[in-house]
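Trainee: pasting the sequence and the predicted model now:
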Amino acid sequence: MFAVNAVAYLVARLSGDAARRLARKLRRRDADVDEARAAVAGRWEDDLCGFLNALSREELGALAEELRVAAPGRSPELRAALWDTGAALERGGHEVPPRVQPRPVLLGGHLVVQGEPRGAYPPSPVWPREVPPAVAAEAPCEEPDSLDELLAAADRALGVRLGRRGRDKGAWGLRAEALLGIATGTETEPDWRGDVELKTLPIAREGEGGAWRVVEDPAIGMAGEPVLAKLQRTLWLARCDLPGGDATLVSWYLLDWDADVARLARKYLHDRPKGPAGTTARGLYLARKFFADAGLLATLNGPA
């Protein structure tokens with residue numbers, strides 16, 4: 001599609017030491033400089049963000065100096081400026097729609113491409129979303145009868161202060177379910193009528209006014225449970241911490257299962273110990289990168 005591959009162009013201008021360092025990360029320990037450059041270019045050929053994220057501060061600075069790219073000296077700004085340079089090379093002076101060349105956001109000092117939203121979410125007058133003003137809780141008297149009623153209950157829950165969590169790590173999730181009129185579900189079936197699984201997801205801003213990021217990998221279930229069945233339709237409730245130990249719901253995102261979501265879920269599901277210190281039990285968690293690729297971050301920071 002593009003006349004110039006940005007990664008190949010930048011790799012050719014890396015120092016030999018930088019190319020060989022990256023090649024060693026790819027288990028090409030004995031590669032000479034040309035072999036190292038070929039291995040690095042092949043690994044990140046279609047991933048300009050991943051390539052720039054793999055470079056150290058010194059390597060980014062040297063590359064920016066080589067290309068005469070002006071940017072502040074911190075790694076995040078250097079990555080963003082070099083991405084602009086690489087993206088402009090690939091466009092070749094032409095205008096392309098954001099869908100073809102989506103602009104990444106900076107999260108944790110690294111470039112992250114936000115996949116397009118693929119499910120329902122509430123509108124927002126500004127991007128990134130602002131923390132909703134405090135509103136009074138209006139929990140439904142009974143369980144919602146339809147998906148539209150469930151999403152309307154989720155709308156009403158945005159901005160409700162959840163109170164201090166206490167020692168129970170699941171307390172905020174249970175309070176969010178109560179706000180939507182959902183009784184505690186079983187371990188094997190989705191929470192709402194066996195059709196929709198509710199999951200709260202901790203998020204935080206990147207500095208004042210920055211983009212939203214997912215704080216931690218959420219637990220999906222215990223190892224050995226049919227967790228993929230619970231992810232067939234998931235209502236993600238994005239929750240942020242507030243001063244004083246309080247928290248609130250910022251937004252929601254309804255994600256239905258399809259071939260792409262299935263691929264992402266299998267790619268990013270991983271297991272690790274779940275429970276008190278010394279436990280042998282293992283839980284299944286979704287890596288945070290899932291929420292960038294699956295479109296949830298775009299519903300918080302603004303679609304491309």
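Mentor: Great, that's in hand.
Trainee: tell me which residues are up against the worst-scoring helix or strand of the chain on mean pLDDT.
Mentor: Scoring the helices and strands of the chain by mean pLDDT, DSSP states H and E places helix 227-230 at the bottom, with a mean of 85. For helix 227-230, the external contacting residues (Cβ atoms under 8 Å, 6 or more residues apart in numbering) are 188-190, 197, 220-221, 262, 265-266, 269, 284. All C-beta spots, glycine's among them, are computed from the backbone N, C-alpha and C.
Trainee: give me the lowest-pLDDT entry from those residues.
Mentor: Note: of the contacts of helix 227-230, the lowest pLDDT belongs to Thr188, at 70.
Trainee: next, the buried residues of the least confident helix or strand of the chain.
Mentor: 227, 230 (16 or more other Cβ atoms under 10 Å).
Trainee: quick one: name whatever helix or strand follows that helix.
Mentor: Per DSSP states H and E, the first helix or strand lying C-terminal to helix 227-230 is strand 233-241.
Trainee: please name the strands paired to that next one in the sheet, noting orientation.
Mentor: strand 197-205 (parallel), strand 247-256 (antiparallel) (DSSP bridges).
Trainee: how far does the last one sit from the chain's center?
Mentor: Here the centre of mass of C-alpha atoms in strand 247-256, compared against the chain's by Cα atoms, centre = their mean, to the nearest Å, lies 13 Å away.
Trainee: average pLDDT for it?
Mentor: Taken as a whole, strand 247-256 carries a mean pLDDT of 98.
Trainee: ditto for stretch 79-98
Mentor: The model assigns stretch 79-98 a mean pLDDT of 89.
Trainee: look at Cys132 and tell me its secondary structure.
Mentor: In this structure residue 132 is Pro, not Cys. coil (DSSP: H, G, I helix; E, B strand; the rest coil).
Trainee: what score does it have for pLDDT?
Mentor: Reported pLDDT for Pro132: 97.
Trainee: surely it and Val250 touch.
Mentor: Yes - contact criterion Cβ atoms under 8 Å: Pro132 and Val250 qualify, at 6.5 Å.
Trainee: any shared contact partners between these two?
Mentor: What both Pro132 and Val250 touch, as defined by Cβ under 8 Å, 6+ apart, is the set Leu158.
Trainee: ok, the two, which is more surrounded?
Mentor: Val250 (23 against 17; other Cβ atoms under 10 Å).
Trainee: need the winner for burial among the strands paired with strand 233-241.
Mentor: Across the strands paired with strand 233-241, averaging neighbours per residue (mean count of other Cβ atoms under 10 Å) puts strand 247-256 on top, at a mean of 23.
Trainee: follow-up on the earlier one: hmm, which two among the contacts of helix 227-230 are most spread apart?
Mentor: Maximum pairwise distance in these, criterion Cβ to Cβ, is 20.7 Å, between Glu189 and Arg266.
Trainee: more crowded one of those two?
Mentor: A side-by-side neighbour count of Glu189 and Arg266, using other Cβ under 10 Å, places Glu189 first with 14 against 9.
Trainee: how far away is Thr200 from Arg129?
Mentor: Separation of Thr200 from Arg129 (Cβ to Cβ, to the nearest Å): 16 Å.
Trainee: let me fix that: Asp168
Mentor: Using Cβ to Cβ, Asp168 is found at 27 Å from Arg129.
Trainee: just His94 next, same as before
Mentor: Relative to Arg129, and taking Cβ to Cβ, His94 is found at 32 Å.
Trainee: quick one: which of these two has more around it?
Mentor: Using other Cβ under 10 Å as the criterion, His94 and Arg129 rank with Arg129 on top: 23 against 8.
Trainee: list the buried residues for stretch 81-100?
Mentor: 81-83, 85-87, 89-91.
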